[in-house]
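Peer 1: Coordinates only, no sequence provided:
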């Protein structure tokens, strides 16, 4: 398996624009997580899905953020409109059921909003 | 609610020194899982180890060792004879129950100087 695949790797956009980050989890994994990493706040969990269903989105900072998982092999995180404070590295991770299984992370998307 | 605290923001050592990274966790569950991840300067997140709440046996893997103590809710990580290649940010993480959300601490940046 190629691992968790995220695209794009880098994104630079202007304030106010819509940004869509993409993630392909590892085949067979039924949990998918979106994290945001900043110097100030470390790795924050934004939202996670189980079997394509959002379970907990309490970490989503505000209504400008939305996430979907239309099928088991694809998820998106959308920011609309984007703001400079959204600049961060966004990671997607997946794991199988069972608390003792580790999560596998994608390479991350570095988002810069100017 | 689950919480992970890594009080050490940054640690600097000279090569060959031993170093311990602290991790303290909070959870109400009796079944939970603890993890350590490494994030080298290249940015990817690399899984190092997992432990379940029923196994307090310490583990050693080469120069790495982990000390799990339920009495103090700690899961500390020691690197013996540190090397420059150990320079990275290290994250401790906690998962409750059966594969539920994975929460990370804020990380400890370790710098090993030659």
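Peer 2: Now that the structure is in, tell me what you want to look at. Bear in mind the structure is a predicted one, so any value in this text is a computation, not a measurement.

Peer 1: For chain B, which residues are neighbours of chain A?
Peer 2: With the criterion set to Cβ under 8 Å from any Cβ of the partner chain, chain B comes near chain A through B:31-33, B:35, B:43-45, B:47, B:50, B:52, B:91, B:95-107. Placement of C-beta: from N, CA and C, glycine included.

Peer 1: Now, of these, which are buried?
Peer 2: Neighbour-count burial (16 or more other Cβ atoms under 10 Å in any protein chain shown) applied to these gives B:32-33, B:35, B:45, B:50, B:91, B:95-96, B:99-107.

Peer 1: How about chain A: which residue is closest to chain B?
Peer 2: With Cβ to the nearest Cβ, the shortest gap between chain A and chain B falls at residue A:42, namely 3.6 Å.

Peer 1: Direction included, what does the helix or strand bottoming out on mean pLDDT in chain B pair against?
Peer 2: In chain B, the helix or strand scored least confidently by mean pLDDT, DSSP states H and E is strand B:59-61, which has a mean of 86. Strand pairing for strand B:59-61, determined by DSSP bridges: strand B:64-69 (antiparallel).

Peer 1: surely the residue of chain A closest to chain B meets residue B:105?
Peer 2: Yes - judged on Cβ atoms under 8 Å, residue A:42 makes contact with residue B:105 at a distance of 7.0 Å.

Peer 1: about what we covered before: now the closest residue to the residue of chain A closest to chain B other than its chain neighbours: which helix or strand?
Peer 2: Closest residue to residue A:42 in three dimensions, ignoring its sequence neighbours and counting by Cβ to Cβ, 6 or more residues apart in numbering or on different chains: residue B:106, at 3.6 Å. According to DSSP states H and E, residue B:106 maps onto no helix or strand at all.

Peer 1: tell me the strands in chain A, going along the chain?
Peer 2: Ranges of strands in chain A, per DSSP state E, are A:5-7, A:10-13, A:19-24, A:31-38, A:42-50, A:53-56, A:65-71, A:74-79, A:88-95, A:104-105, A:109-113.
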